[in-house]
Structures are given as C-alpha cells and as structure tokens.
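**Student:** I need the structure of the sequence given here:
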Amino acid sequence: MTNEFAFDYDLLRELTETSGAPGYEDRVRAVVRREFDGIVDEVRTDAMGNVVGTVHGDADYEVAVAAHMDEIGFMVRHVDEDGFLALDALGGWDPRVLKAQRVTVHAEADDLTGVIGSVPPHLLDDDDEDERGVEDVHVDLGLPAEEANERVAVGDLVTMEQTTTRVGEHVTGKALDDRVCLFAMLEAAKRVDDPDVTVHFCATVQEELGIRGASALGVDLDPDLAVALDVTVAQDVPAVEKEADYVTELGEGAAVKLKDGSVVTTPKVHRRMRSVAERREIPHQTEILPSGGTDTAGFQNTHGAKPVGAISVPTRYLHTVTESVHGDDVATAIDLLAAFLDTETGEHDYRL
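**Tutor:** Down below sits the predicted model:
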C-alpha cells in the first residue's frame, strides 16, 4: 500500500475520535447528519437517536443498510468522598485492558480528563489483579474531592481517550468498532447515484447493549432487504491458535458474513455478495464468527421474516483502545457495499 489510503482518512479519524457511548451518540450523530447533507434525499432521526438517510429509487423495493454509532463506554455510578469515580459498564469490557488508561468524563459543563487507577505491583499479591472486574475500576480526576463532586454527577458518561493513527498499512485507535463501518457506509452512500431501489442508510444506536436501535428500525422501516456492516475478529496474531480459532485475516479483503452468534445470513444474499465481489474483482473473504451479535439480527425477524446479509471489516484487538484495521480492507468494504447496492434491482428472489 502507498503512503496514502484509498479513502478519506481524515473523516475516518474524526469519526473514531468522536465520543459516543450507547444511548448518548449525539456527537457522532451530528457528524453523520453533516455527511448526509447533499448526498441523500431525506434525513430523519427517531426517538432512540437512530439516523436514517434515504435515497429514493424508482422500484417499489426498499433496502436498509446499517452500521452502529455507539462505542463501548461507561456511566458514572458513584462519586466517593475522596473524589474517585466508580463506573458501570456500557458494553462488553475486559477489565485487563483498562489498567492505566486515560478516559474522558463527559460532565454536564465540560469534558474532563481522568485516569483509570492501577495498584502498583509492589502492593499486589500474585492473584489480586486477576480477580478485579469493572466494578473495581476507579477514575482519578486529579481534583480535590469537593470539586470532583461538584463537577461530576451520577449518570455522566465516560469514554476512552485515544487518538487514531496510522501504523504501517493499518489504522489503529479506539471505536473502530463500529465507526470504521459507519465510515464505509457513508462513503458508499456518496457513490449511490439514481439507484433502482430505495436505500435507507441507517446509523444505529445502542448496538453494544443488545442490538437495540436496529431492532427498532426493523419495525419502523420494514425493509425488503437489510445489509449490516460491523467489524469482526481478525485473530492473525501470535498466541492465537489460528487453525482452531480462525475467523478472518487482515489484508485479505472485506468479509462476507455467513453467521455470527446472533444470525445466520440468508444464503442467497451472501452468495450474491460473493458473486458481485468476484465479477468486480473486489478482494474478499468469508466470515464465520462463533459468538457475538450484530445489527444484522436486528432486521432479520423483528417485523416478519426478512432476507439479510452483512459485510464485515476484519479487526485486531477488538474492544480495546488499539483496535486495528488494514487500509485495503476498509477500501474493499466500501467497494463491495457500493457494488452490491448498484446491482440491486429489487428483482432478486432471496426466498428460500
């Protein structure tokens, strides 16, 4: 890969560095609405905060494309008498990755930087750290106790503080789950010109808390076909038994999902995706993810049976602040989604 990525890296960096915990995706939503301006025919936001940008087509057939805006984060559950913050998790955290990290506390008046404390190894028994959970984490704001209690309240949001940067051919940072796919959806939307079918580009909320936003849209939109975008596991790293735990590899192209822990995608949909990729010579791989759910499931059966498919971006180090994707895989995800939508006429029979 050359020094420049084949996509708008600055927009991807903005999306990943913007904070948006589940249920509080306001800042990301503002970026999405800005990017929709001029490229869709209609934009609307629902009571949950899902954003839908619609491009109208001629056929009486509707496709929903979804990528979620939220990132895993926390909510302040207590401010103690010494000014330290106790947290409640919003999404799936591994406590081991939280030690000695910076966070942003989104207080009512302003954002505050804090650090997650870590007990020095000099004071630990061998098994102490292994038994610590998210409920044992504390945030140190570096403020006097009285000031901390005045500026932070129970219910304030906390997100990880991290910049996005290039590392060789990769992009690394926080919240690539799922902002890299949100980015891919926005970039593909810019290529959709006079489609045969109506396409709803959906930036969803609260995926990390159980696919909540997409499930609501499955009812509200009631599309004829749904395609979701999310990251997936790339386990091509040392200390992982590749043959036993194989899912995807970085640099091999976007992944066409066959199943995850929440959905089995419609065979005729994923076969057409692969056929489009082969005809357009778009590098791709297939994905079978043993556990974990995606917005795909939110559309499959929430308002009657629907054909569904999904495109995934292989990602290393998921649910950490160093999530990493390959630039070529991002580009192929955009290409594949745009090509799939470009060839959707509403006449494909996805029934089994």
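**Student:** stretch 247-255: end-to-end distance?
**Tutor:** 9 Å (CA to CA, to the nearest Å).
**Student:** so who does A89 touch?
**Tutor:** 72, 74, 134 (CB atoms under 8 Å, 6 or more residues apart in numbering). All C-beta spots, glycine's among them, are computed from the backbone N, C-alpha and C.
**Student:** got phi/psi on it?
**Tutor:** phi -70, psi 140 (degrees, to the nearest 10).
**Student:** run through the bridge partners of it.
**Tutor:** Beta-bridge pairing for A89 (DSSP bridges): F74.
**Student:** please apply the same query to S324.
**Tutor:** T172, R316.
**Student:** surely it is in contact with Y317?
**Tutor:** Yes - the criterion here is CB atoms under 8 Å, and S324 meets it with Y317 at 5.8 Å.
**Student:** the more surrounded of the two?
**Tutor:** A direct count of neighbours by other CB atoms under 10 Å for S324 and Y317 places S324 higher, at 20 against 15.
**Student:** per-residue confidence at that one?
**Tutor:** Per-residue pLDDT puts S324 at 98.
**Student:** now it: how far from L318?
**Tutor:** 10 Å (CB to CB, to the nearest Å).
**Student:** residues of the host helix or strand of R13 that come out buried?
**Tutor:** Element membership for R13, per DSSP states H and E: helix 9-17. In terms of neighbour count (16 or more other CB atoms under 10 Å), helix 9-17 has its buried residues at 9, 12-16.
**Student:** equivalent analysis for stretch 159-168, please.
**Tutor:** 159-162, 164.
**Student:** stretch 180-195 now?
**Tutor:** Per 16+ other CB under 10 Å, stretch 180-195 contains these buried residues: 180-189, 192, 195.
**Student:** save the buried residues of helix 9-17 as a markdown table, and put in distance to N301 too.
**Tutor:** Below are these laid out as a markdown table (distance: CB to CB, whole Å):
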| residue | distance to N301 |
| --- | --- |
| Y9 | 37 |
| L12 | 32 |
| R13 | 36 |
| E14 | 35 |
| L15 | 30 |
| T16 | 32 |
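**Student:** reformat those residues as TSV; add pLDDT.
**Tutor:** Below are the buried residues of helix 9-17 laid out as TSV (pLDDT from 0 to 100):
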residue	pLDDT
Y9	97
L12	98
R13	98
E14	98
L15	98
T16	98
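**Student:** what about G346, how many neighbours?
**Tutor:** With other CB under 10 Å as criterion, G346 counts 17.
**Student:** list the residues that contact it.
**Tutor:** G346 neighbours (CB under 8 Å, 6+ apart): 57, 59-61, 196-197, 224.
**Student:** could you rerun that using 7 Å?
**Tutor:** 59, 61, 196-197 (CB atoms under 7 Å, 6 or more residues apart in numbering).
**Student:** and the residue lying closest to it once chain neighbours are set aside, what does it touch?
**Tutor:** Nearest non-adjacent residue to G346, counting by CB to CB, 6 or more residues apart in numbering: Y61, 3.0 Å away. Going by CB under 7 Å, 6+ apart, Y61 touches 197, 224, 346.
**Student:** go with 8 Å
**Tutor:** Applying CB under 8 Å, 6+ apart, the residues near Y61 are 196-198, 224-225, 346.
**Student:** list the buried residues for stretch 345-352?
**Tutor:** 346, 350.
**Student:** can you check stretch 303-311 too?
**Tutor:** 306-311.
**Student:** and the residues you listed as TSV, adding pLDDT, distance to H284 and secondary structure?
**Tutor:** Formatted as TSV, those follow (pLDDT from 0 to 100; distance: CB to CB, whole Å; DSSP: H, G, I helix; E, B strand; the rest coil):
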residue	pLDDT	distance to H284	secondary structure
K306	96	23	coil
P307	98	19	coil
V308	98	18	strand
G309	98	12	strand
A310	98	12	strand
I311	98	9	strand
